[in-house]
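[1] Below are the sequence and a predicted model; questions follow.
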Amino acid sequence: QQADWAMRTIADIKGHVVRVFPDVALVRIKTDDPATDLAYTIIRNKAYLDVTSMFSNEKDRDTRDIANDTLTVVEGIEGSYPNFFFVVEPRELEDFTSRLMAVVTRDDYERLVGVYGVRRTSDTFWETADWFQDYYAQHEPLLYGILDLNRYANR
């Protein structure tokens, strides 16, 4: 399926460019029927120089191994604190993937958000949040819980 291919491609992103991505992003891929829309989670994995550096008081840049940061893509919803939502039409999947793969700087990421992101200030923010909440309840009834949007970014 095209959506799975696109998400596998995104999971290949690694290194310094990953630092501009949110920790947890939820992606809705629309279909002809909203009941069959797909959800994916993109998780930013932060690498550290050693295990103890995760808990130290040193500056982040002194303990991080940013060159080994990666993205993990999971079908469905993972995590309780999404930092951002993306909404993509099927015909836009290739463009979304290409733009995401081309992100190198914060400005590149902001352009991606401008096209596919749902900012907290967007008119569709609550509608999108409700869709993810409903999807989570329907598809993950044993893990389901309220998505806490306290850490949601507007970028």
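    Thanks, I have the structure now.

[2] okay, and for this protein, where does confidence drop off?
    Within the chain, the stretches with pLDDT under 70 are 51-62.

[3] Residue 7 versus the residue nearest the centre of it, what's the distance?
    Residue closest to the average C-alpha location in the chain (C-alpha atoms, centre = their mean): residue 25, at 2.1 Å. As judged by C-beta to C-beta, to the nearest Å, residue 25 and residue 7 stand 12 Å apart. Quick note: C-beta positions are derived from backbone N, CA and C, even for glycine.

[4] who's in contact with residue 77?
    With contacts defined as C-beta atoms under 8 Å, 6 or more residues apart in numbering, the neighbours of residue 77 are 26, 39, 41, 132, 135, 136, 139, 140, 147.

[5] Just give me the neighbour total for the closest residue to the fifth one other than its chain neighbours.
    Yep, that's residue 135 we're talking about. Among residues not flanking residue 135 along the chain, residue 39 sits closest, at 5.0 Å (C-beta to C-beta, 6 or more residues apart in numbering). For residue 39, the neighbour count with other C-beta atoms under 10 Å is 19.

[6] contacts for the strand or helix carrying residue 39?
    Element membership for residue 39, per DSSP states H and E: strand 38-45. Strand 38-45 is contacted from outside by 3, 7, 10, 18, 21-29, 31, 69-79, 82, 132, 135-136, 139, using C-beta under 8 Å, 6+ apart.

[7] List the buried residues of stretch 68-76.
    69, 71, 73 (16 or more other C-beta atoms under 10 Å).
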